[in-house]
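Q: no FASTA, just this:
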């Protein structure tokens, strides 16, 4: 594109220069010729007063000799023959024209120009005292006729070349300004195609290319976000396998001893390690930027009852005391049922996985005006660093720990404008508080005030007991 613009500019400018410079050069040449003969005619007219007074040869010779042209041999006077109109008489000076040129000038009665060797001759008819017509001949050399023409043509040529060079330079700069953004866009597209997801383009250049750069950057961001979402989905789906794996592990522990029991426990442990590998491979800590899609929601009371019925069987096998509160009436929340199920299973699975057998736990559901709070408490050893536990992927390092359980809970709560907090429970261990917003607003700003306002009744009493 760059060279195409240069070639087009060169061709157009060259045609324009030729179209204007050639006629202008011819005009300059004609003007120089007219100027030369106008000066010659003026000098030849200087002898008219002398010829009007006398036709004496000696006096005319002295008059011719006193002029610059006469001294240089370029001036001649052709007198008519006495008594013969049009006849050839005396001649003073150096003659260069033919008799036909003289006769033509006398017949026309006006100045004429005749071509002679070395230049041109101006023939100026002048009346003499006898009433006849004499002809004054003034030689004009070729150099005087073309005086200044060569310089003018050189100037025109220089101007034309300067115009061509300038137009080519401007076209080259414009082409470069258009080509460079296109080249950067092509390189970035090539890099993105090779898997370098950080490739971006500076949003500059002509409006069209700038718009293309903006679209490319937006597309690259969407590709990165889609890949991040896919990795998070793979990690989350893998983590949800923790629930059946926990059941298998607990059931395998009750099989007793024997080759079949040992093989079953080994298979469960291998499956847990494989799930851990899948989660860590797919995990990528990138925040979601896509807008949250509205969901139909679910009844939190019903989901909590269902999951507690599932986990209660395991709790009975491990001699754990379970307490459930706040499930007397339906509680609608703007969370899809599978998401709430995954969040509860992640928290309850952590209780079974990270606390000794016989440790009690409880689940409390509190319904406020603009929020629903779910409290999962246990009497275990607690969490030493709650902030680190909420970080995505920050597992404990033990087999079966990937650090994604609490992240599933956090993202579920934040999708409603809520949050997740970890503290000390009244049972002496860990309390995980899930704050689920009901008005769809984002957490932050006055989110903490809304959370405190939603903690009515039992929630405020539970907080005071913890303090």
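A: In hand now; what should we look at? All values derive from a computational prediction rather than experimental measurement. Residues are numbered from 1 along each chain as shown.
Q: contact partners of stretch 19-26?
A: Stretch 19-26 is contacted by residues 152, 153, 156, 157, 159, 160 when judged by C-beta atoms under 8 Å, 6 or more residues apart in numbering. Every C-beta, even on glycine, is put in place using the N, C-alpha and C of the backbone.
Q: show me which of these are buried.
A: Taking 16 or more other C-beta atoms under 10 Å as the criterion, what is buried in those is 152, 153, 156, 160.
Q: helix/strand/coil for the spatially most central residue of the chain?
A: The centroid of the chain falls nearest to residue 203 when counting by C-alpha atoms, centre = their mean (2.4 Å). Three-state assignment for residue 203 (DSSP: H, G, I helix; E, B strand; the rest coil): coil.
Q: pLDDT averaged over the host helix or strand of residue 120 - what is it?
A: Element membership for residue 120 (DSSP states H and E) is strand 119-127. Strand 119-127 carries an average pLDDT of 86.
Q: got the angle between whichever helix or strand comes after that strand and strand 119-127?
A: Once strand 119-127 ends, the next helix or strand along the chain (criterion: DSSP H and E) is strand 133-141. Calculated by axes from the mean of the first three to the mean of the last three C-alpha atoms, to 10 degrees, strand 133-141 forms an angle of 160 degrees with strand 119-127.
Q: what comes up buried for strand 133-141?
A: Neighbour counts using 16+ other C-beta under 10 Å place 133, 134, 135, 136, 137, 138, 139, 140 of strand 133-141 among the buried residues.
Q: as a markdown table, the residues you listed with distance to residue 29 and pLDDT would be great.
A: As requested, the buried residues of strand 133-141 are exported to a markdown table (distance: C-beta to C-beta, whole Å; pLDDT from 0 to 100):
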| residue | distance to residue 29 | pLDDT |
| --- | --- | --- |
| 133 | 32 | 84 |
| 134 | 32 | 86 |
| 135 | 28 | 87 |
| 136 | 26 | 88 |
| 137 | 24 | 88 |
| 138 | 21 | 88 |
| 139 | 20 | 89 |
| 140 | 15 | 88 |
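Q: so which of those residues comes closest to residue 432?
A: Taking C-beta to C-beta as the measure, residue 140 is the one of these closest to residue 432, at 114.0 Å.
Q: now name the helix or strand holding residue 100.
A: Assigned by DSSP H and E, residue 100 falls in helix 99-108.
Q: what residues does that helix touch?
A: Contact partners of helix 99-108, identified using C-beta under 8 Å, 6+ apart, comprise 78, 80, 86, 88, 111-112, 114, 121, 123-125, 133, 135.
Q: just the buried ones among those residues, please.
A: 78, 80, 111, 112, 114, 121, 123, 124, 125, 133, 135.
Q: relative to residue 46, which of those residues is nearest.
A: So of those, ranked by how close each gets to residue 46 (C-beta to C-beta), first place is residue 124, at 10.1 Å.
Q: so what's that closest one up against?
A: Here residue 124 is in contact with 41, 44, 45, 105, 111, 135, 136, 137, 138 (criterion: C-beta under 8 Å, 6+ apart).
Q: just checking, residue 188 touches residue 200?
A: Yes: using C-beta atoms under 8 Å, residue 188 is in contact with residue 200, at 6.5 Å.
Q: quick check: neighbours shared by these two?
A: With C-beta under 8 Å, 6+ apart, residue 188 and residue 200 have common neighbours residue 220.
Q: looking at these two, which is more packed in?
A: Shown here are residue 188 and residue 200; by other C-beta atoms under 10 Å, residue 188 has more neighbours (20 against 15).
Q: quick one on the thing from earlier: turn the buried ones among the contacts of helix 99-108 into CSV, including distance to residue 357.
A: As requested, the buried ones among the contacts of helix 99-108 are exported to CSV (distance: C-beta to C-beta, whole Å):
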residue, distance to residue 357
78, 146
80, 151
111, 135
112, 135
114, 135
121, 135
123, 138
124, 138
125, 142
133, 147
135, 143
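Q: wait, which of these is closest to residue 433?
A: residue 111 (117.6 Å).
Q: would you list the phi and psi of that closest one?
A: phi -70, psi 140 (degrees, to the nearest 10).
Q: now do the contacts for it.
A: 41, 44, 105, 122, 123, 124, 125.
Q: ok, the last one - contacts?
A: Pointing back at residue 125 there. 105, 106, 108, 109, 110, 111, 133, 134, 135, 136.
Q: same thing but 10 Å
A: 78, 102, 105-112, 133-136 (C-beta atoms under 10 Å, 6 or more residues apart in numbering).
Q: which parts of the stretch 1-150 of the chain are strands?
A: Assigned by DSSP state E, counting those that start in this stretch, the strands in the stretch 1-150 of the chain fall at 75-80, 88-93, 112-116, 119-127, 133-141.
Q: any chance of those strands in JSON lines, plus distance to residue 343?
A: Listed next are the strands of the stretch 1-150 of the chain as JSON lines, based on distance: least, C-beta to C-beta, whole Å:
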{"stretch": "strand 75-80", "distance to residue 343": "120"}
{"stretch": "strand 88-93", "distance to residue 343": "124"}
{"stretch": "strand 112-116", "distance to residue 343": "111"}
{"stretch": "strand 119-127", "distance to residue 343": "110"}
{"stretch": "strand 133-141", "distance to residue 343": "110"}
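Q: now residue 380: which helix or strand?
A: Assigned by DSSP H and E, residue 380 falls outside every helix and strand.
Q: low-scoring stretches of the stretch 251-400 of the chain, by residue?
A: By pLDDT under 70, the low-scoring segments of the stretch 251-400 of the chain are 274-275, 277-296, 388, 391-400.
Q: do a quick rundown of the strands in it.
A: Going by DSSP E, counting those that start in this stretch, the stretch 251-400 of the chain shows strands at 298-299, 322-325, 332-333, 361-367, 371-378.
Q: buried deepest among the ones you listed, which one?
A: Per-stretch averages of neighbours, counted by mean count of other C-beta atoms under 10 Å, single out strand 371-378 among the strands of the stretch 251-400 of the chain, with a mean of 24.
Q: pull the most distant pair out of the contacts of residue 124.
A: 45 and 105 (14.4 Å).
Q: next one: the top helix by length along the chain to chain centre, how far?
A: For the chain, the helix with the greatest residue count under DSSP state H is helix 149-193. Centroid displacement of helix 149-193 relative to its chain, using C-alpha atoms, centre = their mean, to the nearest Å, is 21 Å.
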